[in-house]
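J.: A structural model of the following input is requested.
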Amino acid sequence: MEKLLVVDDEPILLKGLKFSLEQDEYVIDTAVDGEDALDKFRSGEFDLIVLDLMLPKIDGIEVCRRIREKSTVPIIMLTAKGDDDSKIAGLEAGADDYLTKPFNILELKARIKAVLRRVIPSELYKTPEIRIDDFIINTLGRKVVLKNEDINLTAKEFDLLLLLVMNRDKVFSREELLEIIWGYEYFGDVRTVDVHIRRLREKVESTSSHPEYILTKWGVGYYFRNQ
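T.: Residues are numbered from 1 along each chain as shown. Now for the predicted structure:
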């Protein structure tokens, strides 16, 4: 069973989330503020973290950054309704997805399932190792080496890179990437894709503003350059 850490400073909401998620057979640990969340993260192994943005002591953005320094564990950020800047800040800090409060618990469960599972086609994993340009991609260990250096990618960043590499020169729209990588098409925000592409470029491109590998087809989408 997957183990989740749920972080929120609203006791009633936290209790409700714990109860509801346990009905889906997740093992749930909880934290009520940023310091508590980091302590729980350091002392346990989690498959996913649900992290509120507005937390006492240490806010969710900083908690997310500190976790990303140590781990690629999937993170879903909970943000206030209509606070677009905070949503983007959460993604930039390393969150895999976000959900706006108030939310339906069924939507949160759908997001959790989408983030946890590999939704890209399984045939992409049939080749254990892919060598292209300066990349070595180990699909079984989900590791990437670029110019003899290990690249630390989150789960969704890895899936994005693998999909683009295995379909070189094919342009994917943001909506297509959202559906393939995150596994939903109706309630997702395409800005999630943009931020993940930006973060991926920062890790694999020499100059992220002038990418060599992951290119943009203006008005259409993104693709991996085929030499």
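
J.: which neighbouring elements make contact with the strand or helix carrying Leu106?
T.: Element membership of Leu106 [criterion: DSSP states H and E] is helix 105-116. Packing partners of helix 105-116 (3 or more Cβ pairs under 8 Å, 6 or more residues apart in numbering; DSSP states H and E): helix 11-22, strand 48-52, strand 75-79, strand 97-100. All C-beta spots, glycine's among them, are computed from the backbone N, C-alpha and C.

J.: now these in a markdown table, with distance to Arg168?
T.: Shown next, in a markdown table, are those (distance: least, Cβ to Cβ, whole Å):
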| stretch | distance to Arg168 |
| --- | --- |
| helix 11-22 | 39 |
| strand 48-52 | 31 |
| strand 75-79 | 30 |
| strand 97-100 | 27 |
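
J.: compile those into TSV and extend it with columns for mean neighbour count, mean pLDDT and distance to Ile28.
T.: Output for the helices and strands packed on helix 105-116, formatted as TSV (neighbours: other Cβ atoms under 10 Å; pLDDT from 0 to 100; distance: least, Cβ to Cβ, whole Å):
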stretch	mean neighbour count	mean pLDDT	distance to Ile28
helix 11-22	14	96	5
strand 48-52	25	97	9
strand 75-79	25	93	14
strand 97-100	20	90	17
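
J.: please report how far the spatially most central residue of the chain lies from Thr192.
T.: With distances taken as Cα atoms, centre = their mean, Asp96 lies nearest the centre of the chain, 2.1 Å away. According to Cβ to Cβ, to the nearest Å, Asp96 and Thr192 sit 8 Å apart.
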